[in-house]
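build me a structure from this.
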Amino acid sequence: MKNLLIAAVLMLPNIIYSQAGNVGINTALPGSTFTVNGSIAGQYKSVAVSTTLGTHDFYMAYSGTSAGTFTLPAATAAAPAAGNILGRIYYIKNVGTAPLTIAASGSELIDNQSGAGVSSVTLTPGGYTMFISKGTTSGTTWEIGILINKTIPTIAALGASDTVTYSGGNLTSFNSSIPQIIPFSVGDVIVNQGGSAVWNDAGDYWQILESGIYKIEGYAYFGSGGTVSGSGAFTGINLNITKNGTSLFNIIGGNRGNIDNGTASTGNTPINVNCIVHLNAGDKVYLTMNWGALNKPTNDAHITAPASLSESRNFSLQQLSTP
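The predicted structure follows:
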């Protein structure tokens, strides 16, 4: 059988089978178990959706525009025998615009050279990594050989100049301390760098794509269409940053402006809000406004830029760190 194998290999051009147990391509004297004197090709695959890596995958390029996941194959499900993929390698590059999670299967872990192992790692847009199977069937079954993340901090901001008016039922809700969404349009985006948050135009919120610590800021110029109720009164207006909803219980940062009657009815007063919070991928962050104390606006409540400025409102976030 051995002689037949040697004869079959020698029939192929430029392939030498050594009696010493080494195989060479384009070399008669292979110095290693397998020596190639020439180029090597592995499968290249580009995908834009989440997937589980398989036996025919080698170099994977993720081109998605929303957060995705590549799941490494389960050691116990490997064919033809569990744990037989010792040394299998995957090269992965994130060529898309959203974070990519590389996750171990089930309860298996990834050896990231720090602690007991992790269930997944995140590859930022532009990042590159290499994984190798340890051949084990439980615990840390994969090891990170290379992990290079392209660290572009996310800075995203919107600014708008048009007037926003709350009247009728919206004013009733406003005066009932129900936070009202401050709208922006996709055309109001000033900057969106880094890819860990994207503006949802239909819902008027920042959609968080990557968990981490964020600094969020906003401001709006408030005015009342008519005097606030009561003689010589003040009105207390809240500007809020809210998460995953617009009720009072969703507020994660807020500030109040106590504005006298004359100023509220004839001018436009700036109210600023900011906070530093941990956000998870999937969170939705809104800028809202509502009546909070003292007397209430009449006729309407509106957000309008003063004559000296072009912006009536602004809403921004900055990613400070990842988990």
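
now do the domain split for the chain, please.
Taking automatic domain parsing as the reference, the chain has its domains at 1-39, 41-148, 155-321.

out of these, deepest packed?
Between the domains of the chain, the one whose residues have the most neighbours on average, counting mean count of other C-beta atoms under 10 Å, is domain 155-321 (a mean of 18). Using the backbone N, CA and C atoms, a C-beta is placed for each residue, glycine as well.

how far does that domain sit from the chain's center?
Taking C-alpha atoms, centre = their mean, to the nearest Å, one finds the center of domain 155-321 at 23 Å from the center of the full chain.

same check on stretch 116-132?
Mean-position distance between stretch 116-132 and its chain equals 15 Å (C-alpha atoms, centre = their mean).

export only the CA atoms of that stretch, formatted as CSV.
The C-alpha atoms that make up stretch 116-132 are tabulated as CSV, following Å, rounded to 0.1, in the frame of the first residue of the first chain:
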residue,chain,number,x,y,z
ALA,A,116,-10.7,31.2,32.5
GLY,A,117,-11.9,32.0,29.0
VAL,A,118,-14.8,34.0,27.5
SER,A,119,-17.9,32.9,25.6
SER,A,120,-17.4,35.5,22.9
VAL,A,121,-15.2,38.4,21.6
THR,A,122,-16.2,41.5,19.6
LEU,A,123,-14.5,42.5,16.4
THR,A,124,-14.9,46.1,15.5
PRO,A,125,-15.2,47.4,11.9
GLY,A,126,-11.8,47.0,10.3
GLY,A,127,-10.7,44.4,12.9
TYR,A,128,-9.0,41.1,12.2
THR,A,129,-8.6,37.9,14.2
MET,A,130,-7.4,34.3,13.9
PHE,A,131,-8.9,31.3,15.9
ILE,A,132,-7.4,27.8,16.3
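
still on that earlier bit, need the domains of the chain in a markdown table with mean pLDDT, can you?
Converted to a markdown table, those look like this (pLDDT from 0 to 100):
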| stretch | mean pLDDT |
| --- | --- |
| domain 1-39 | 68 |
| domain 41-148 | 90 |
| domain 155-321 | 92 |
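
leaving out the residues flanking it, which one is nearest to residue 267?
Using C-beta to C-beta, 6 or more residues apart in numbering and skipping the chain neighbours, the partner closest in space to residue 267 is residue 223 (6.6 Å).

element containing the residue nearest to residue 321 when sequence neighbours are not counted?
When the adjacent residues along the chain are set aside, residue 321 lies closest to residue 213, with 4.7 Å between them (C-beta to C-beta, 6+ apart). In this structure, residue 213 is located in strand 212-224 according to DSSP states H and E.

for that strand, packing partners?
strand 234-243, strand 251-260, helix 261-266, strand 269-279, strand 284-294, strand 301-303, strand 313-321 (3 or more C-beta pairs under 8 Å, 6 or more residues apart in numbering; DSSP states H and E).

mind checking those for the one nearest to residue 95?
Taking C-beta to C-beta as the criterion, residue 95 comes closest to strand 313-321 out of the helices and strands packed on strand 212-224, the separation being 20.5 Å.

give me the contact list for that closest one.
Applying C-beta atoms under 8 Å, 6 or more residues apart in numbering, the external contacts of strand 313-321 come out as 153-160, 164, 182, 184, 190, 194, 196-197, 206, 210, 212-221, 276, 285, 287, 303.

contact partners for the residue lying closest to residue 43 once chain neighbours are set aside?
Leaving aside its chain neighbours, residue 43 sits nearest to residue 58 (4.5 Å; criterion: C-beta to C-beta, 6+ apart). Residue 58 is in contact with 42, 43, 44, 45, 89, 90, 91, counting by C-beta under 8 Å, 6+ apart.
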